[in-house]
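[1] I'd like to go over a predicted model; first the sequence, then the structure.
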Amino acid sequence: MSDENKEKAKGAKPELTPEQEAEAAAKKAARAEAKAKGVKVAKGKKDAAAAKEVAMERVKREQPARLRKLYDTEVKARLISEFKLPNPMEAPRLTKITINMGLGEAVSNPKLLDTAVEELGAITGQRPVVTRAKKSIAIFKLRAGQKIGVMVTLRRDQMYEFLDRLVTFALPRVRDFKGVSPKAFDGRGNYTLGIREEIIFPEINYEKIDKPKGMNITFNTTAANDDQGRALLRHLGMPFRN
């Protein structure tokens, strides 16, 4: 081979396979979309992170969530009539929903946190926060400040949309489902529901799960007592056992 041909061979780019071309096109589109949204993008490994930030952005809605509209038009009036409340402002309502996924095995396998963040983000549509241990426990080989879980707090329309998906799609997919316990209230109208596996949510791809993870879902309300909180959730579609 002549010197001229060698120089051309060095400067020539290797041919890409169709899969590589598709991946490069996807990365280029993600960078362009992130730039249009005002997200600063660096080349290389940060492309996927930038695309993920764009995907986590809240959607601008023209109408309120279905359950929020249902509460304003029907549920609120039912609660006022049922409990004979003198002031409409006393009607119980949801204030926030907190989803907490504890991962004790993350102490020995930190990679579980990465998959938990992705899965909980897909379920809720909001970027989760990594939680840390508050104190050291020698018997569990746990140090203060160590990452042991993830959590998300939902409010307003995102809260109502998550509750809608939970009672409409997720809970009916539980095997031998007969309803949720009506007794898991804290005495002040707040309710906590335990989920054993996250695969009941349709957003989770079962084939990509490394290990099933459970979660606790807490519904915070303004109810004065458990009876009001139970009635509120029941009118919003929570399938309590008889």
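    The structure has been received and is ready for your questions.

[2] mind giving me the domain split of the protein?
    What automatic domain parsing lists as the domains of the chain is 17-55, 66-235.

[3] list the contacts of the residue nearest to residue 95 when sequence neighbours are not counted.
    What sits nearest to residue 95 in space, not counting adjacent residues and going by C-beta to C-beta, 6 or more residues apart in numbering, is residue 220, at 4.9 Å. The C-beta positions use only the backbone N, C-alpha and C, and glycine is treated the same way. Neighbour list for residue 220: 94-98, 190 [criterion: C-beta atoms under 8 Å, 6 or more residues apart in numbering].

[4] and residue 95, by the same measure?
    Contact analysis of residue 95 by C-beta under 8 Å, 6+ apart lists 155, 220-222.

[5] if you set the cut-off to 10 Å instead, what comes out?
    155-156, 159, 190, 219-222 (C-beta atoms under 10 Å, 6 or more residues apart in numbering).

[6] beta partners of residue 102?
    residue 149 (DSSP bridges).

[7] give me whichever of the domains of the chain is most buried.
    Mean neighbour count (mean count of other C-beta atoms under 10 Å) peaks for domain 66-235 among the domains of the chain, with a mean of 16.

[8] what is the end-to-end distance of it?
    13 Å (C-alpha to C-alpha, to the nearest Å).

[9] with stretch 212-231 instead?
    Counting by C-alpha to C-alpha, you get 32 Å between the two ends of stretch 212-231.

[10] same question, stretch 204-221
    28 Å.

[11] now swap in stretch 207-214 and tell me
    Counting by C-alpha to C-alpha, the terminal residues of stretch 207-214 are separated by 17 Å.

[12] now do it: everything it contacts.
    In contact with stretch 207-214 (C-beta under 10 Å, 6+ apart) are residues 100-103, 105, 109, 111-112, 114-116, 118-120, 149-150, 194-199, 204, 206.

[13] if we can go back for a sec, beta partners for the residue nearest to residue 95?
    Assessed by DSSP bridges, residue 220 has beta-bridge partners residue 96.

[14] the helix or strand of the chain with the lowest mean pLDDT: what's the following helix or strand?
    Every helix and strand in the chain was compared by mean pLDDT, DSSP states H and E; the lowest is helix 46-55, with a mean of 46. Counting by DSSP states H and E, the next helix or strand C-terminal to helix 46-55 is helix 66-70.

[15] let me see the mean pLDDT of that following helix.
    In this model, helix 66-70 carries a mean pLDDT of 89.

[16] same check, this time on stretch 191-210
    Mean pLDDT, taken over the full extent of stretch 191-210, equals 81.

[17] mind listing the strands for the chain?
    94-102, 129-132, 147-154, 191-195, 215-221 (DSSP state E).

[18] what about the helices in this protein?
    3-11, 18-36, 46-55, 66-70, 76-83, 111-124, 156-165, 226-235 (DSSP state H).

[19] which stretch in the ones you listed has the least confidence?
    Lowest mean pLDDT within these: helix 46-55, a mean of 46.

[20] what about the residue nearest to residue 184 when sequence neighbours are not counted, distance to residue 173?
    Nearest residue to residue 184, sequence neighbours excluded (C-beta to C-beta, 6+ apart): residue 192, at 5.3 Å. Distance check for residue 192 against residue 173: by C-beta to C-beta, to the nearest Å, it reads 20 Å.
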